[in-house]
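>>> Below: sequence and its predicted model.
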Amino acid sequence: MKKNNTGIFVGILLIVITLVSFSSTFFIYKRGIDGRSTQSQNSEAQDTIKIVTSFYPMYIATMNVIDGIEGVELESLSEPQTGCLHDYVLQPEDMKHLSNADLLIVNGGGIESFIQEVAETYPDLVIIQACKGIELLADGDEENAHAWMDVSLYEKQVANIAAGLADYDSAHADKYMSNASAYEKRLQPLADRMASLQQKYAGENIIIFHEAYDYVADALGMEVAFVMDLDEERQISAGEQKEVLSAISENDVKLVLADETYGKKMGDVVDADSAATTIYIDPLTRGEYYKDSYIEHMNENIDILERALADVYGK
Amino acid sequence: MAGYFSEIFRYDFMIRAFVAILVITPLFGMLGTMIVHRKMAYFSDALGHSALTGIAIGVVCGIADTSLSMVIFAVVFAFLLNQINRKRLVATDTLISVFASCSTAIGLAILSFGGNFSKYSALLVGDILSITSREIIYLMVIFVGTLVFWFLAINKLNAISVNPTLAKSTNISVRVIEDVFAIIIALVVTLSIKWIGILLINALLILPAASARNISMNMREYHGYAIIFSVFSGVIGLVMSYFNNVATGPMIVIIASVIYFATYIYGRKRR
């Protein structure tokens, strides 16, 4: 008798758990579908070109290149919640997007470590690498692929994306190209501002707390005296702190570039214990998804740089 | 509703994940019964933690496939723990705990060198999409191996856990069986750690068996329920994680915990 009861209990328990979990899941899932962006509403249509971009700067660039073109649909992979895209692992949601996509636009240069895997899983997917043909800065033995942080290189990326799209969708080729050159024209003032800063401050030493800022320093013509890679949450050892502080005093560094989210702690140490000033600019790895997002945020970055440089160098 | 479920199997990675779950959860159920029965929960937990060191050693030695160094280290570690266990010098749980912490610390220290730990943080919570077909084949081989071992040695293992001295006297090679068992646990734990996660792998081993222990009257029920609970939590957890876009390991463990509490209450009432 007892044995039977246990069997019945187990059966009921498992059924109840199944029902509860599925009904709750079903509602969450439904809500997810209803709340999804309008851009993917007609995703079932066969003749639309579906583009997936790997992350924020690529999305904004592509958004501007496909502006006003019918039958092109744009999605982004879900974003990593922390830090840069390095070592990002694809989520189930991403696999869903990719399995329907025609084109995947990535930055390249090793930031999207999952490209290889994606290319093997979806051999028909056309992958456009925005960094193609761009001479990347070195990061030890590897390449530093944060090229979008240099406006003039970002312009090249936009051109690469447009060329790739024009190649795939020749019917709209002219439109892609003209969109791209219109966007490049709007980016040029930013590049010009950086160029005028370069004339004033080239040759000075600087320290960066994010690899991406190597491109900022490069655009400014400044010498990077020390790189501390704080692009994600991590522990900083005492030894590293010492290295930074001695690099500042040895190279007479006046300015440190950091990312507010991950570099604040170390930035505070620098401000308190050394002669240098830390300023925080946006590495543009994440942001709001609208067309002028890159231009606005880059402008803010340059504002901050301009003020801080004038401040510390007094010119 | 039907479309809602069939959607899962449109994706290769979900099919792989599903097959992997179906292979690994019965294994976990079977091994878990023995682990719980023999009070080896600490042991399997330590093995899970040793994975970090295994990977770290692989990185230091420049081995491309860190899974290999992880498996080798875990097997060595299991041997070592067994050895210590046999000496019965100090309280075993303390000693195992010390070993586990020590190996975790070594692993963390090496892996966090140069601030690169985030590369490995997926190991802590697991990543279901990282299952490759090759790993599934490995798991199947181990599954078959475990089944063979099970049918050959289950009674002996039980005898050992009831009374080692008596078992020895009836000509059972206690040592060999214990070592083989430890190696199997080491293999299963290290091969599934990538997608269950270090933090939770032990829960998955222990919970189904502990739940089954709450309600079963005999050995057969104990094993049967453990396997049922294990497979059930695995499948439901995977499906839930797919639709809710949360990590799979935690989802499975949540389901397994619910089962544990329900069986605990039921078992207590009945007594």
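Perfect, I can see it now.
>>> from memory A:Gly68 sits against A:Ala182, does it?
No - look at A:Gly68 against A:Ala182 with CB atoms under 8 Å: they stay out of range, at 10.4 Å. For the C-beta atoms, the positions are set from N, CA and C on the backbone; glycine is no exception.
>>> A:Tyr56 and A:Pro283 touch, don't they?
No - here A:Tyr56 lies out of contact with A:Pro283, judged by CB under 8 Å, at a distance of 9.9 Å.
>>> Compare the two and say which is more crowded by neighbours.
Set A:Tyr56 next to A:Pro283 and count neighbours by other CB atoms under 10 Å in any protein chain shown: A:Pro283 wins out with 31 against 23.
>>> which residues does that one contact?
Residues in contact with A:Pro283 (CB atoms under 8 Å, 6 or more residues apart in numbering or on different chains) are A:84, A:146, A:149, A:210, A:212-213, A:231, A:259.
>>> do the same with A:Leu19
By CB under 8 Å, 6+ apart, no residues touch A:Leu19.
>>> continuing past the helix or strand that contains it, what's the next helix or strand?
Assigned by DSSP states H and E, A:Leu19 belongs to helix A:2-34. Using DSSP H and E, the helix or strand that follows helix A:2-34 in sequence is strand A:49-53.
>>> Would that next one count as contacting chain B?
No - residues of strand A:49-53 are not located near chain B by CB under 8 Å from any CB of the partner chain, the shortest gap being 15.0 Å.
>>> and A:Val256, which of the three is it?
Following DSSP: H, G, I helix; E, B strand; the rest coil, the label given to A:Val256 is strand.
>>> Wait, it touches A:His210, no?
No - between A:Val256 and A:His210 there is no contact under CB under 8 Å: 10.5 Å.
>>> Report the separation between B:Asp127 and B:Val188.
18 Å (CB to CB, to the nearest Å).
>>> Who has more neighbours out of these two?
B:Val188 (25 against 19).
>>> got the residue ranges for the helices in chain A?
Under the criterion DSSP state H, helices of chain A are mapped to A:2-34, A:56-65, A:92-100, A:115-121, A:151-168, A:173-201, A:213-220, A:238-251, A:260-273, A:293-313.
>>> Is chain A within reach of the helix or strand hosting B:Ile15?
Element membership of B:Ile15 [criterion: DSSP H and E] is helix B:12-37. Yes - for helix B:12-37, a contact with chain A is found by CB under 8 Å from any CB, at B:12-14.
>>> If we only consider these, which is nearest to A:Met95?
Closest to A:Met95 out of those is B:Phe13 (5.5 Å), distances taken as CB to CB.
>>> and B:Tyr42, that's in a strand?
No - according to three-state DSSP, B:Tyr42 belongs to no strand; its state is helix.
>>> Quick one: low-confidence residue ranges for the chain.
In the absence of a named chain, chain A is used. A:1-4, A:28-46, A:79-87, A:89, A:233 (pLDDT under 70).
>>> Please refer instead to chain B.
Where chain B drops to pLDDT under 70, the residues are B:1-5, B:7, B:88-90, B:114-119, B:122, B:128-130, B:171-172, B:271.
>>> need the contact list for A:Ile236.
A:228, A:230, A:265-266, B:115.
>>> if you set the cut-off to 6 Å instead, what comes out?
By CB atoms under 6 Å, 6 or more residues apart in numbering or on different chains, the contact list for A:Ile236 reads A:Met266.
>>> burial count for the residue in the stretch 151-271 of chain B that chain A sits nearest to?
Per CB to the nearest CB, B:Phe243 is where the stretch 151-271 of chain B lies closest to chain A, at 4.6 Å. When neighbours are defined as other CB under 10 Å, B:Phe243 has 21 of them.
>>> where does it fall, phi/psi-wise?
Dihedral pair for B:Phe243: phi -80, psi -30, per degrees, to the nearest 10.
>>> ok, back up a step: pick the most deeply packed of the helices of chain A.
Among the helices of chain A, the stretch with the highest mean neighbour count (mean count of other CB atoms under 10 Å in any protein chain shown) is helix A:56-65, at a mean of 26.
>>> Could you give the separation of that one from the chain centroid?
With CA atoms, centre = their mean, to the nearest Å as the basis, helix A:56-65 stands 11 Å off its chain's centre.
>>> Residues touching that helix, excluding its own?
By CB under 6 Å, 6+ apart, the residues outside helix A:56-65 that reach it are A:53, A:74, A:76, A:105, A:107, A:148, A:158, A:161-162, A:176, A:179-180, A:183, A:284, A:286-287, A:291, A:293-294.
>>> give me that answer again for 7 Å
A:51, A:53, A:74, A:76, A:105-107, A:130, A:148, A:157-158, A:161-162, A:165, A:176, A:179-180, A:183, A:284-287, A:289, A:291, A:293-294 (CB atoms under 7 Å, 6 or more residues apart in numbering or on different chains).
>>> next one: stretch A:246-257
Here stretch A:246-257 makes contact (CB under 7 Å, 6+ apart) with A:205-209, A:213, A:216, A:225-226, A:267, A:270, A:274-279, A:281, A:308, A:312-313.
>>> Could you point out the longest helix of chain B?
Identified as the longest helix of chain B according to DSSP H is helix B:133-162.
>>> Which neighbouring elements make contact with that one?
The helices and strands touching helix B:133-162, judged by 3 or more CB pairs under 7 Å, 6 or more residues apart in numbering or on different chains; DSSP states H and E, are helix B:12-37, helix B:164-169, helix B:174-196.
>>> now that helix, how far from the centre of its chain.
For helix B:133-162, the distance to the chain centre is 13 Å (CA atoms, centre = their mean).
>>> What residues sit buried inside it?
Going by neighbour count (16 or more other CB atoms under 10 Å in any protein chain shown), the buried part of helix B:133-162 is B:135-136, B:138-139, B:142-143, B:145-146, B:149-150, B:153-154, B:156-157, B:159-160.
>>> From A:Leu104, how far out is A:Ala119?
A:Ala119 is 9 Å from A:Leu104, by CB to CB.
>>> repeat for A:Met95
The gap separating A:Met95 from A:Leu104 is 12 Å, by CB to CB.
>>> same check, this time on A:Asp150
A:Asp150 is 23 Å from A:Leu104, by CB to CB.
>>> just A:Arg286 next, same as before
Look at A:Arg286 and A:Leu104: by CB to CB, they are 19 Å apart.
>>> ok so, going back, okay, the residues of helix B:12-37 next to chain A in CSV with neighbour count next?
Converted to CSV, the residues of helix B:12-37 next to chain A look like this (neighbours: other CB atoms under 10 Å in any protein chain shown):
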residue, neighbour count
B:Asp12, 13
B:Phe13, 19
B:Met14, 20
